[in-house]
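Colleague: Only the shape, not the letters, is given here:
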């Protein structure tokens, strides 16, 4: 009878050990599921934060800024460095179009910044008020970078490049052409005057940043 009790005790221990092992296996499976869930959850949160931040900021060819939403309107705010009382300060510039989206507008040439610019437009380009906004924004930017914008009906493209000459005109395709040392035709199709002027502004911002960075390096 003693051996029978020993056998029962042994079987009982084996059963308890088996149950314990099964419980450990189940617990491990549960923990793995929890860790996998937490990992996926953290990954989703991280990607969401990155996405949100990317929609609030933009970077394009050295131009950085913020995406600002005002009701249904979206603005792309950036800055241009300017010298004020002997120090470099940032002046805010607001664009209605993403600089990246303006890549579709061809620009044949390069920006040559000079102290004076003659701005000529073959018509008013009202375009639901976009024409006025475009001209004002363009003038403001060039005043900041140190270029005086003037109107001279007798002026034409200067082959010697003594001043900038900007002509806004109708065209079959919205584009920008450099036609002289510092002369540019802004061709407007389908009332895309805001797009073509902002394309010119973006190219100007890129050039202005390059000049400022070169000056900072030379005087650092």
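Modeller: Sure thing, it's come through. Since the structure is predicted, the reported quantities are computational estimates derived from the model, not experimental observations.
Colleague: all contacts plus neighbour counts: C-alpha atoms, from now on.
Modeller: Fine.
Colleague: in the chain, which spans are helices?
Modeller: 2-56, 130-144, 193-219 (DSSP state H).
Colleague: mean pLDDT lowest for which of the ones you listed?
Modeller: In terms of mean pLDDT, the lowest-scoring of the helices of the chain is helix 2-56 (a mean of 63).
Colleague: For residue 198, which non-adjacent residue is spatially closest?
Modeller: residue 95 (6.9 Å; CA to CA, 6 or more residues apart in numbering).
Colleague: need the contact list for that neighbour.
Modeller: 75, 76, 77, 198 (CA atoms under 8 Å, 6 or more residues apart in numbering).
Colleague: Check those residues for burial and list the buried ones.
Modeller: 75, 76, 77, 198 (16 or more other CA atoms under 10 Å).
Colleague: what's around the residue lying closest to the third one once chain neighbours are set aside, how many residues?
Modeller: Spelled out, it's residue 77. Nearest residue to residue 77 in three dimensions, chain neighbours excluded: residue 94, at 4.5 Å (CA to CA, 6+ apart). Neighbour count of residue 94, defined by other CA atoms under 10 Å: 18.
Colleague: Isn't residue 94 up against residue 80?
Modeller: No. If you go by CA atoms under 8 Å, residue 94 and residue 80 don't touch, sitting 10.6 Å apart.
Colleague: what residues go with each domain of this structure?
Modeller: The record's domain split for the chain, according to automatic domain parsing, is 1-58, 104-219.
Colleague: Out of those, which one sits most buried?
Modeller: domain 104-219 (a mean of 17; mean count of other CA atoms under 10 Å).
Colleague: Residue 189 reaches residue 176, doesn't it?
Modeller: No. Contact criterion CA under 8 Å: residue 189 and residue 176 do not qualify, at 11.4 Å.
Colleague: For the two, list the residues in contact with both.
Modeller: With CA under 8 Å, 6+ apart, residue 189 and residue 176 have no common neighbours.
Colleague: Cool, thanks, signing off.
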